[in-house]
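**Student:** 3D, please:
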Amino acid sequence: MTRFARDYRRIARKLGTVELMAQSMDDSFMPEDLGLSGGPDERRGPRRFLDFYGSDGLRLGFRKYGLERSLEERGYGDITLETDADDSRHVLRVEGTTPGLEGPQLLIEMVVRRDRLVPGPDSPIEREHEVLTLDWLTMRDPARPFSESRPRLPGQDAPGLGMGEQILEVLYRVTERLELDGLAGVADHFHNAVIYSRELSFVEREPAARHRALVDALLGREELSLSQAAWSLEWELVTDEAGQPFEHDPAPQVHAFAPDLAAHLRDEARRRAILERAASLTVSFDRATFDERWAAGDWVSPSDE
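**Tutor:** Presented below is the predicted three-dimensional model:
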């Protein structure tokens, strides 16, 4: 639960289905879009985001949840929302302008899809679960510079917006609105997985154990900051028992709404097994090389990657 949970749940209760499905005046809003009549071949106009949210509905939600205001507080105006969709992925892009930078700037880009979690042969989960999967999320603050207090993380070309909790809580509300069993994310970098893990649990035990081992070794034993830990992995300075780079393992992490899925993720025997497996893994860290590269500022410029 994020600190926005109570307010956003209250806002969600006040937002109606018709409001959120509304399209712009030049788009058609057909009765069958509400399941009242007709069929999919009769629909006209652009495809709705996640086959539910219309263009006007998205803009309404963006305002009501305070996302537009948060961007304005960070110095961005002329906020625009653009969507794109195919059969597998739906993309939302948010742009805005700011003094000192020419033209609209990409601020938020999100790629989501409806998906299924299918239990493996040894899984205690007995059924498939329909989830909203977050394939990609970037939040950029291009008007701000990187600094020692806001160091660049691997994959970043601009500092983050500091709106992660807001976006996550909105995605929770979307998941509930679409009556799905959970929100899933697959983190492409270690630091993203750490951030996700504050709210989302790994579904599979082995990726969970590997992640736990990295957290214990880098953030615990070595007392690195999150950005330092991320760069130590990026520079291949973390190795396993065979001396090979110990890599982050992108794997599904889920915030469950379905009771059976939530019970599985909270299972105490499962948690103990993950911790025991994590403790058995060897994680070595080349401190001397790391200190040298960090002091040289190898993390500062995107051109250094």
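**Student:** give me the mean pLDDT for stretch 272-291.
**Tutor:** Averaged across stretch 272-291, pLDDT comes to 97.
**Student:** so how far is it from its chain's centroid?
**Tutor:** Stretch 272-291 sits 25 Å away from the centroid of its parent chain (Cα atoms, centre = their mean, to the nearest Å).
**Student:** next: stretch 190-199.
**Tutor:** Put simply, stretch 190-199 sits 9 Å off its chain's centre (Cα atoms, centre = their mean).
**Student:** what are the phi and psi values at the closest residue to residue 144 other than its chain neighbours?
**Tutor:** Spatially, and ignoring its direct neighbours in sequence, residue 144 is nearest to residue 159 (4.9 Å; Cβ to Cβ, 6 or more residues apart in numbering). Bear in mind the C-beta positions are built from the backbone N, C-alpha and C, glycine included. Per-residue torsions, residue 159: phi -60, psi 160 (degrees, to the nearest 10).
**Student:** for the longest strand along the chain, packing partners?
**Tutor:** Assignment by DSSP state E gives strand 105-117 as the longest strand of the chain. When contacts are defined as 3 or more Cβ pairs under 8 Å, 6 or more residues apart in numbering; DSSP states H and E, strand 105-117 packs onto strand 90-97, strand 129-139, helix 164-177, strand 182-186.
**Student:** let's see that with 6 Å instead.
**Tutor:** In terms of contacts (3 or more Cβ pairs under 6 Å, 6 or more residues apart in numbering; DSSP states H and E), strand 105-117 is packed against strand 90-97, strand 129-139.
**Student:** sorry, back to before: number of nearby residues for the residue nearest to residue 144?
**Tutor:** If you count neighbours by other Cβ atoms under 10 Å, residue 159 ends up with 19.
**Student:** okay, it: pLDDT?
**Tutor:** Per the predicted model, pLDDT is 93 at residue 159.
**Student:** start at 143 instead
**Tutor:** In the new count, where the first residue is 143, that last one comes out as residue 301.
**Student:** which residues of this protein fall in helices?
**Tutor:** For the chain, the helices defined by DSSP state H cover 147-156, 159-163, 197-206, 209-215, 306-319, 332-338, 347-356, 368-376, 401-408, 410-422, 429-437.
**Student:** format the ones you listed as a markdown table; extra columns: mean neighbour count and distance to residue 285.
**Tutor:** Shown next, in a markdown table, are the helices of the chain (neighbours: other Cβ atoms under 10 Å; distance: least, Cβ to Cβ, whole Å):
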| stretch | mean neighbour count | distance to residue 285 |
| --- | --- | --- |
| helix 147-156 | 13 | 26 |
| helix 159-163 | 15 | 31 |
| helix 197-206 | 18 | 20 |
| helix 209-215 | 16 | 11 |
| helix 306-319 | 19 | 18 |
| helix 332-338 | 22 | 22 |
| helix 347-356 | 20 | 33 |
| helix 368-376 | 21 | 20 |
| helix 401-408 | 15 | 39 |
| helix 410-422 | 13 | 40 |
| helix 429-437 | 13 | 26 |
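**Student:** how about those, which one is nearest residue 273?
**Tutor:** For the helices of the chain, the distance to residue 273 is smallest for helix 306-319, at 7.6 Å, taking Cβ to Cβ.
**Student:** residue contacts, the residue nearest to residue 286?
**Tutor:** By Cβ atoms under 6 Å, 6 or more residues apart in numbering, the contact list for residue 301 reads 283, 286, 288, 292.
**Student:** give me the phi and psi for the last one.
**Tutor:** For residue 292, the backbone dihedrals are phi -130, psi 70 (criterion: degrees, to the nearest 10).
**Student:** how much space between the closest residue to it other than its chain neighbours and residue 241?
**Tutor:** Spatial nearest neighbour of residue 292, excluding adjacent residues (Cβ to Cβ, 6+ apart): residue 301 at 4.9 Å. Distance, residue 301 to residue 241, using Cβ to Cβ, to the nearest Å: 17 Å.
**Student:** same question, residue 227
**Tutor:** Computed with Cβ to Cβ, the distance linking residue 227 and residue 241 is 33 Å.
**Student:** what's the answer for residue 390, then?
**Tutor:** Taking Cβ to Cβ, one finds residue 390 at 38 Å from residue 241.
**Student:** on that earlier part again, in JSON lines: the helices and strands packed on strand 247-259, plus mean neighbour count.
**Tutor:** Output for these, formatted as JSON lines (neighbours: other Cβ atoms under 10 Å):
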{"stretch": "strand 232-239", "mean neighbour count": "20"}
{"stretch": "strand 271-281", "mean neighbour count": "20"}
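**Student:** can you tell which of the ones you listed is closest to residue 199?
**Tutor:** Among those, if distance is taken as Cβ to Cβ, the winner is strand 232-239, at 12.3 Å.
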